[in-house]
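Asker: Generate coordinates for the sequence data below:
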Amino acid sequence: MASVQPASSLRQCLRTISTSTSRRAITCSSPSSTIRLSLPRRRLASSQASQASPCLPPQKALDRGHSMPRLRQPKRHFTGTRFVARNEQTPSSEPQPSTLYTFADMQSLTSHPAPNRVIIDVREPSELKSTGKIPGAQNLPIKSAADGFFLGPDEFEERFGWEKPTAQDEVIFYCKAGVRSRAAAGLAAQAAFGGKISEFPGSWIEWAEKGGEVEKVEE
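Answerer: Below is the predicted model:
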């Protein structure tokens, strides 16, 4: 019976080996001898990995220490459609800057009037009656009659009493201090009022201070 005990103990150790995964070496003892078995390291590592993550599939448990590469999202390129559209305007579509006249220029123009040149005072009629106007100037009050820039020729003449400038005419705007004349030049450009658009920035204040000739306006 003593010779049978080692074999029986060996079989018991083998069964223990097949079910044990947490020890690198297993020691089997019997009354007559001690048997020490070592498990292969690769197999033991696989067993430890499978036990470390019992809820994950074996392949995922082995790959646990390695992070999956992140997929790079494609970069978004935003196009400024509105911005491009504004900058695609041709130079011909942009309003041309006004020609600016000095006091000396205006004196020369009033001394030598031309049929295709129209000087326009954009102040209110009451202001013209109070101070007078530059000789030969027409009145188109921008504050009370800004729609006049957009009227047809017949309606314009009926309303204001003088012919509406055409594309062959130069229009020269002035007011009291140059602010309203600047606005009138902008409206004229939008409404295609006249051809060449010009301004007298010094306007009535400079004209009166420097002794320009004054044409009185009757009631």
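Asker: Quick one: low-confidence residue ranges for this protein.
Answerer: In the prediction, the chain carries residues with pLDDT under 70 at positions 1-96, 219.
Asker: how about the helices in the protein?
Answerer: Chain-ordered helices for the chain, with DSSP state H as the definition, fall at 4-19, 41-52, 58-62, 81-87, 103-111, 125-131, 153-160, 179-191, 203-209.
Asker: buried stuff in the last one?
Answerer: What it means is helix 203-209. For helix 203-209, the neighbour count (16 or more other Cβ atoms under 10 Å) marks 203-204, 206-207 as buried. No exception for glycine: its C-beta is placed from N, CA and C like everyone else's.
Asker: domain parsing for this structure?
Answerer: 4-55, 98-209 (automatic domain parsing).
Asker: Neighbours of residue 134, how many?
Answerer: For residue 134, the neighbour count with other Cβ atoms under 10 Å is 23.
Asker: Distance of it relative to residue 113?
Answerer: When Cβ to Cβ, to the nearest Å is the yardstick, residue 134 and residue 113 sit 11 Å from each other.
Asker: what does residue 159 give?
Answerer: Looking at residue 159 against residue 113, where the rule is Cβ to Cβ, the gap reads 24 Å.
Asker: Between the two, which has more neighbouring residues?
Answerer: Taking other Cβ under 10 Å, residue 159 and residue 113 do not tie; residue 159 has more neighbours (14 against 11).
Asker: does the more buried one really touch residue 149, like I thought?
Answerer: No - using Cβ atoms under 8 Å, residue 159 and residue 149 do not qualify as a contacting pair, with a distance of 11.8 Å.
Asker: can you tell me which residues contact residue 188?
Answerer: Counting by Cβ atoms under 8 Å, 6 or more residues apart in numbering, residue 188 touches 149, 171, 173, 194, 197.
Asker: Let's see which of those residues end up in strands.
Answerer: For these, the ones inside strands are 171, 173, 197, with DSSP state E as the criterion.
Asker: List just the nearest of those to residue 101.
Answerer: Minimum separation from residue 101 among the ones in strands among the contacts of residue 188 (Cβ to Cβ) is found for residue 173, which lies at 10.1 Å.
Asker: OK, contacts around the closest one?
Answerer: The contact partners of residue 173, by Cβ under 8 Å, 6+ apart, come to 120, 122, 181, 184-185, 188, 197-200.
Asker: which of these lies closest to residue 102?
Answerer: Taking Cβ to Cβ as the measure, residue 200 is the one of the contacts of residue 173 closest to residue 102, at 8.1 Å.
Asker: Great, nothing more from me.
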